[in-house]
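Q: turn this into a structure:
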Amino acid sequence: MSHPIPDTKDSHSVQVILPQKQLGRKSDMYLFCCSYAHNVAPKGKYIAFVSAEAETDNPEVELKPGVDLLGPVDEIFYETYDRLVPYNKSDADNCFISTSYDATTHFESTVTDVLAMYTKITGKVLDLSVDLSSASASAEE
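A: This next block holds a predicted model:
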C-alpha cells in the first residue's frame, strides 16, 4: 500500500481485531499493518495482512470486511493453508511437535502452544516473571 490504514492517525504500525460477533463469524478476523519505518518495505510503502480461519469455500469473500478497512491497495495476494495439529503421543514417543500458525497476528496461541510444550518436555511450568528489584538497586548505586 502507499498509505497508512485510514482512520489510524497515520500510524506506521496497527493491529485491529475484528470480533466474530460483529462479523457474524465463528472466529475473529485480524488486521495488521507495518510500514517502511520498520524496514520491511520500500520508503513510502506499507504492508498489511488480513487473516482469519476459513469458514467457507470462499475465503476472499470472508476477508472482505478486513480488506475494506485498508483503503486502496497497490497489490493484493491471497493465500490459504491448512492448519496442522500433531497427532502423536509425545509421552510415548518423546517427540514434541507444535501446531502450525493460526490466523492470529499477535501470536498468543503460538506462545501458549510453546509454553505447553516446554511443560511437557521439562515437567515444569516456565516462570516468566521478572524480579526487577535487583536491577533497580544496582542502577541506583
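
Q: any weak-confidence spans in the chain?
A: 135-141 (pLDDT under 70).

Q: quick one: the helices in it, in order.
A: Ranges of helices within the chain are 20-23, 59-62, 64-68, 90-93, 108-122, 133-140, based on DSSP state H.

Q: got the buried residues for the second one?
A: Right, the one you point to is helix 59-62. 59, 62 (16 or more other Cβ atoms under 10 Å). Glycine gets a C-beta too; all of them are placed from N, C-alpha and C.

Q: swap in the first one?
A: Along helix 20-23, the positions that meet the burial threshold by neighbour count (16+ other Cβ under 10 Å) are residue 23.

Q: what helices or strands is that helix leaning on?
A: When contacts are defined as 3 or more Cβ pairs under 8 Å, 6 or more residues apart in numbering; DSSP states H and E, helix 20-23 packs onto no helix or strand at all.

Q: what's that helix in contact with?
A: 26, 27, 28, 29, 65 (Cβ atoms under 8 Å, 6 or more residues apart in numbering).

Q: residue contacts, the second one?
A: Right, residue 27. Contacts of residue 27 by Cβ under 8 Å, 6+ apart are 20, 52, 53, 55, 103.
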